[in-house]
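S.K.: Here is a sequence together with a model predicted from it:
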Amino acid sequence: MQLAQIKFNTFESISDEDCQQRIITAKNKLGKNLVILGHHYQHESVYRHADYTGDSLKLSRVVESLDAKYIVFLGVHFMAEVANILSRPDQLTILPDLAAGCSMADMANLSKVERSYRELSKVLSFDEVVTPVTYINSAADLKAFCGEHGGIVCTSTNATKIIEWSFKQRAKVLFFPDQNLGRWSGHKMGIPLDEMPVWDPDLPLGGLTEAEIKKAKIFLWKGHCAVHQMFRLQNIERFRQEHPDGKVISHPECPFEVCAHSDYVGSTEYILKTVTESPKGTKWLVGTELNLVNRLANQMKAEDKLVQFMSHVICECSTMARIDPQHLAWCLENIVNNEPVNIIKVPEDEAKLAKLTLDRMLQVS
C-alpha cells in the first residue's frame with residue numbers, strides 16, 4: 001500500500017543521534033533493494049552509512065555492477081547524474097538534497113560552452129581540430145555536448161591518459177571546467193604553459209588572439225574548485241620548515257605552483273593509498289577537502305603518522321556538506337514508504353550522448 005510522502009520539515013528538528021538510528025533502521029528494512037554510494041568528501045556522519053566509498057571514477061565503475069533498485073548518492077548533483085546515466089532503466093538514483101551542487105561545475109554551462117564552440121569555429125574548424133574534454137565534475141548536458149562533438153569525460157585519476165587519447169583524435173583540446181587539472185595534466189605531458197592559455201567564455205575569442213588560438217594545444221576553461229584554489233605555496237613552505245622530513249601530497253585541482261612544489265600529486269584515491277601505504281611515523285601535508293583529510297588523520301594515528309590539512313583556513317566543500325543525517329534519514333524513510341523523493345533522471349536523448357563519453361572514458365581507463 002502506497003503511503004503519503006513524508007515532508008522534510010518534519011526532520012529538521014531531529015537530532016543527528018536520532019537520525020543515525022533511523023538511517024540504520026531504514027537500511028535494514030530495505031536490505032538488498034538499497035545501495036548507498038559515498039564520495040570521500042562527505043562528512044563522517046553520513047559517510048559511515050555508505051556501502052561503497054570512493055572518488056568519481058571508482059564510484060562510476062561501481063554503478064554498472066549494482067543490482068539494487070535504489071541507488072542513494074552521498075555526493076553532489078553531477079555524481080548522481082552519472083549514476084543515473086550508467087545504471088539500468090529500472091533503477092532509481094536519489095540525491096538526498098537537490099541543493100547539493102558543485103561551484104566548479106556551475107562555472108561552465110551549456111550556453112557558454114556552445115558559445116565557445118562558435119567563437120573557436122571563427123578561427124579553426126572545431127569538429128576537425130578540437131576534442132572537447134569535460135571533467136566529470138560537470139552537468140550531464142556538457143557531457144552530452146562532448147558526446148555530440150567526438151569528445152570524452154575525464155576524472156582526476158585519468159585526466160592525462162584521457163588527454164593523450166584526445167590528441168590522437170585531433171590536434172587540440174578544449175578542457176573544462178577546471179583549469180588547474182587541465183594545466184597540471186598537460187604539464188605532465190610536457191606541454192609548455194604558453195601553449196595552454198586560459199579560455200574566458202565571457203570574452204570574444206575567449207580573450208585570446210587568433211595567433212594564440214592557433215598556437216594553443218589545450219584551451220583551459222576559466223574555472224576552478226573553490227576549496228582547492230585556497231591552498232597556497234606558503235602553506236607548503238611553513239610545513240617544510242616545521243617538518244623537514246615531511247611529505248606534501250596534493251590534488252591536481254590545486255593551483256599549479258602548489259602541485260609543482262608537492263612531492264606527490266593525484267586523485268583522492270591516490271592520496272589515500274599513498275599516505276596509507278607510507279612507513280609508520282611519516283608526516284604529511286595534504287591539499288584536498290577537509291573531511292577526507294580529517295578522516296585520514298584519525299585513521300593514521302594508530303601508525304604514528306601526522307596528517308595535516310594544507311590550509312590554516314578551515315573550509316569544507318559547502319555543497320557536499322548539504323548531505324546531512326536529516327536529509328539521508330528523510331530520503332530513506334520515503335523509500336521505505338514507497339514514496340521515493342529527489343529522483344535524479346537525465347533526459348533520454350541527453351543521457352544517450354553523455355553515456356557515449358562516459359563509456360569512452362571507462363574504456364580508455
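M.R.: Now that the structure is in, tell me what you want to look at. These numbers were taken from a predicted model, which means no experiment stands behind them.

S.K.: Confirm for me that Arg22 is in contact with Ala329.
M.R.: Yes: using CB atoms under 8 Å, Arg22 makes contact with Ala329 at a distance of 4.4 Å. For glycine as for every other residue, the C-beta is placed from the backbone atoms N, C-alpha and C.

S.K.: of the two, who's got more company?
M.R.: Neighbours per residue, other CB atoms under 10 Å: of Arg22 and Ala329, the larger number sits with Ala329, 27 against 19.

S.K.: right, and the more buried one touches Phe11 too?
M.R.: Yes: taking CB under 8 Å as the definition, Ala329 is a contact partner of Phe11 at 6.1 Å.

S.K.: Quickly list what's touching both of Arg22 and Ala329.
M.R.: Both Arg22 and Ala329 are contacted by Ile14, under the criterion CB atoms under 8 Å, 6 or more residues apart in numbering.

S.K.: circling back to that earlier point, okay, and the common contacts of Ala329 and Phe11?
M.R.: Cys19.

S.K.: Please save the CA atoms from the longest helix seen in the chain in CSV.
M.R.: Identified as the longest helix of the chain according to DSSP state H is helix 348-364. Extracted C-alpha coordinates of helix 348-364, given in CSV (Å, rounded to 0.1, in the frame of the first residue of the first chain):
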residue,chain,number,x,y,z
GLU,A,348,16.9,10.2,-22.5
ASP,A,349,18.5,12.0,-25.5
GLU,A,350,20.9,13.8,-23.3
ALA,A,351,21.7,10.6,-21.3
LYS,A,352,22.4,8.7,-24.5
LEU,A,353,25.0,11.2,-25.7
ALA,A,354,26.5,11.6,-22.2
LYS,A,355,26.9,7.8,-21.9
LEU,A,356,29.0,7.8,-25.1
THR,A,357,31.6,10.0,-23.3
LEU,A,358,31.5,8.0,-20.1
ASP,A,359,31.8,4.7,-21.9
ARG,A,360,34.8,6.1,-23.9
MET,A,361,36.4,7.2,-20.6
LEU,A,362,35.9,3.8,-18.9
GLN,A,363,37.2,2.0,-22.0
VAL,A,364,40.3,4.3,-22.2
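
S.K.: Mean confidence (pLDDT) on that helix, please.
M.R.: If you average the pLDDT over helix 348-364, you get 95.

S.K.: And for stretch 162-182?
M.R.: Averaged across stretch 162-182, the pLDDT comes to 98.

S.K.: Identify the residues contacting Phe8.
M.R.: By CB under 8 Å, 6+ apart, the neighbours of Phe8 are 326-327, 330.

S.K.: wait, I meant Gly206
M.R.: 116, 119-120, 197-200, 213, 219.

S.K.: isn't Val35 right up against Leu74?
M.R.: No: judged on CB under 8 Å, Val35 makes no contact with Leu74 at a distance of 11.2 Å.

S.K.: Of the two, give the one with the bigger neighbour count.
M.R.: Shown here are Val35 and Leu74; by other CB under 10 Å, Leu74 has more neighbours (27 against 21).

S.K.: Give the residue spans of the stretch 201-350 of the chain that score low on pLDDT.
M.R.: Applying pLDDT under 70 to the stretch 201-350 of the chain flags the ranges 314-320.

S.K.: re the thing from before, can you add neighbour count, distance to Lys273 and secondary structure and give the contacts of Phe8 back as TSV?
M.R.: What follows is the contacts of Phe8, written out as TSV (neighbours: other CB atoms under 10 Å; distance: CB to CB, whole Å; DSSP: H, G, I helix; E, B strand; the rest coil):
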residue	neighbour count	distance to Lys273	secondary structure
Gln326	24	33	helix
His327	24	30	helix
Trp330	26	34	helix
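
S.K.: Which one of those residues is nearest to Asp18?
M.R.: Checking those against Asp18 by CB to CB gives Gln326 as the nearest, at 9.6 Å.

S.K.: The closest one: what's its closest spatial neighbour, skipping adjacent residues?
M.R.: Phe11 (4.5 Å; CB to CB, 6 or more residues apart in numbering).

S.K.: now swap in Phe175 and tell me
M.R.: Closest residue in space to Phe175, ignoring its immediate chain neighbours: Gly182 at 3.6 Å, by CB to CB, 6+ apart.

S.K.: For Pro132, list each beta-bridge partner.
M.R.: Taking DSSP bridges as the rule, Pro132 bridges to Leu174.

S.K.: Kindly report the same for Ile249.
M.R.: Per DSSP bridges, the residues bridged to Ile249 are Tyr264, Val286.

S.K.: Now do the contacts for the residue most central in space within the chain.
M.R.: Centroid-nearest residue in the chain, with CA atoms, centre = their mean: Asn137, separated by 4.6 Å. Taking CB under 8 Å, 6+ apart as the contact definition, Asn137 lies against 56, 78, 102, 104-105, 177-178, 225.

S.K.: Could you identify the most distant pair in the residues you listed?
M.R.: Farthest pair in the contacts of Asn137 (CB to CB) is Ser56 and Pro177. Separation: 13.8 Å.
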